[in-house]
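J.: here's a sequence, model it:
(chains A and B)
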Amino acid sequence: MFLYSSMTKKVLMALAGLFLVSFLCVHLGINLMLLRNDGGRAFTEAATFMGTNPVIKVFEIVLFAGFLLHIIFGMLVSGQNKAARPSPYSVGNSSDAAPFSKYMLHTGIIVFIFLLLHFFDFYFIKIGIVAPPAGIATHDFYHRTLLLFSTPGYSLLYIFCFVALGIHLNHAIQSAFQTLGLNHSKYMDAVKVIGSAFSVLIAVGFSLVPIFILFFRQ
Amino acid sequence: MNFKLKIWRQKKAAAKGEMVTYAVSEISSDSSFFEMLDALNQQLITTGGEPVAFDHDCREGICGTCSLYINGRPHGPLKGVTTCQLHMRSFKDGDTIHIEPWRAKAFPIIRDLIVDRSSLDKIIQAGGYVSVNTGGVPDANTIPVPKEKSEAAMDAAACIGCGACVAACSNAAAMLFIGAKVSHLALLPQGKVEAAKRVQKMVACMDELGFGNCSNTYACEAECPKGISVTNIARMNRQFIGAKLFSEREKIVRVSL
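T.: Next up is the predicted model:
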């Protein structure tokens, strides 16, 4: 893994990243079920399916591997990048670069911290490492979510993390296509537009849930 | 025109460098950036100082010798221009101009503003060539080359190897340089034969020399004085992935005695 050439590392990182995007889509779909005023029935049903279906259980392991791969290669590549310029310029670079492209590590770290938080809030409770808060059953994700988002501070932090993820994805999607060599004059503009639109969709889509719970839930 | 200059001074590779401030006055707006530096050096010589060392050769934008990171941009504020083609009319009277050498682990500073860019030569030596046996001259046009291919190859071949892409890159990566070299050879039938080997050798050499990785910020394309496109990097990525996945294993030929 450490001995792979720089480009092999980036290709694997791009593939892992694109795989994680598919996970985001599924997760967003389930989260948006919270917007239905049905007492969390649809959401709980979906969460139970994701928690018990054997195919999903296998993919959970693949998913963790994807996260690990993406993070480890991200760190390795960033480390090499830092080492490639040991003494910095005294005047910062003002070249006309792709927006947000220089903040991939920063936004990635924010998303990683969120991931840890999310593990403590949900996953560790689900697998029984962490005890659920008083009055909430181990598998009752619906009331757990309501409890978390009843605190405006937590909701704000949540939205902040998803804005960071949106910024990350904004560059990541077209960047992954470029790294995989899929830059073609016919399609690249469409890839950039769709990638940006998707990043907004993810940031806004996930943020809708706390906003809805804080302001609009009956 | 009058300018305040902040210039990186470093006596030799091992010495510690620093930004030193100078003032130049009565510079013509039509003088080139290097003529302005020449005036500064004349001034330094007459007052008993050490002139500032900087790289330059053809002074007409084609040799790739000049460098200089001016106010946070390789080759200064203009697009598609080398430092030697930059004129003082591109600055405002009284401006402070910061002048630094290219900075990358693979480009060690030799003195003041001069860096050693032989890393780029090493990458070329690793695979940036076409192996052709000598023999009779082939007839012209015996190898068909599509017009679009030859144009794309020529666009990539416009690279003068100045290293502005490395200097501009936030990761000091040489991917645009190698992308251009890989593309201009692989797009043509003569270079296509060795394409799979070439890209792997050049990337391995790039890693060894301590260049960074491409994070697709595209600052390189924005700063390239020859306007080399990042589609060349994508072509190199495609070739590299293809070569890693599908190239034939080399046959080991045992020489029997």
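J.: which secondary element of chain A has the worst mean pLDDT?
T.: helix A:124-126 (a mean of 83; mean pLDDT, DSSP states H and E).
J.: name the residues of that one that come out as buried.
T.: Residues A:125-126 are the ones in helix A:124-126 that count as buried (16 or more other Cβ atoms under 10 Å in any protein chain shown). Using the backbone N, CA and C atoms, a C-beta is placed for each residue, glycine as well.
J.: toward the C-terminus, what is the element adjacent to it?
T.: Per DSSP states H and E, the first helix or strand lying C-terminal to helix A:124-126 is helix A:141-149.
J.: which helices and strands sit right next to that next one?
T.: Secondary-structure packing of helix A:141-149 (3 or more Cβ pairs under 8 Å, 6 or more residues apart in numbering or on different chains; DSSP states H and E): helix A:41-52, helix A:152-179, helix A:188-215.
J.: out of those, which comes closest to A:Y89?
T.: With Cβ to Cβ, the closest approach to A:Y89 among the helices and strands packed on helix A:141-149 belongs to helix A:152-179: 22.1 Å.
J.: Provide the secondary structure category for the residue in chain A sticking out farthest from the centre.
T.: The centre of chain A is farthest from one residue, A:S90, which by Cα atoms, centre = their mean lies 34.5 Å away. At A:S90 the chain is in coil, as set by DSSP: H, G, I helix; E, B strand; the rest coil.
J.: any stretches of chain A with poor pLDDT?
T.: Chain A contains residues with pLDDT under 70 at A:1-2, A:218.
J.: tell me the most buried of the helices and strands packed on helix A:141-149?
T.: Among the helices and strands packed on helix A:141-149, helix A:152-179 has the highest mean neighbour count (mean count of other Cβ atoms under 10 Å in any protein chain shown), at a mean of 20.
J.: so B:P74 touches B:S67, yeah?
T.: Yes - with contact defined as Cβ atoms under 8 Å, B:P74 counts as touching B:S67 (7.3 Å).
J.: who touches both of the two?
T.: Common neighbours of B:P74 and B:S67, using Cβ atoms under 8 Å, 6 or more residues apart in numbering or on different chains, are B:102, B:164, B:167.
J.: who are the neighbours in contact with the second one?
T.: Looking back up the chat, that one is B:A164. By Cβ under 8 Å, 6+ apart, B:A164 lies in contact with B:67, B:74-75, B:102, B:220, B:223-225.
J.: swap in the last one?
T.: Under the criterion of Cβ under 8 Å, 6+ apart, the neighbours of B:A167 are B:67, B:69, B:74, B:102-104, B:107, B:223.
J.: please repeat the previous calculation with a cut-off of 10 Å.
T.: A:85, A:89, A:93, A:95, B:67-69, B:73-75, B:100-104, B:107, B:115, B:117, B:219-220, B:223 (Cβ atoms under 10 Å, 6 or more residues apart in numbering or on different chains).
J.: which of those fall within helices?
T.: Among the contacts of B:A167, the residues falling in helices (DSSP state H) are B:219-220, B:223.
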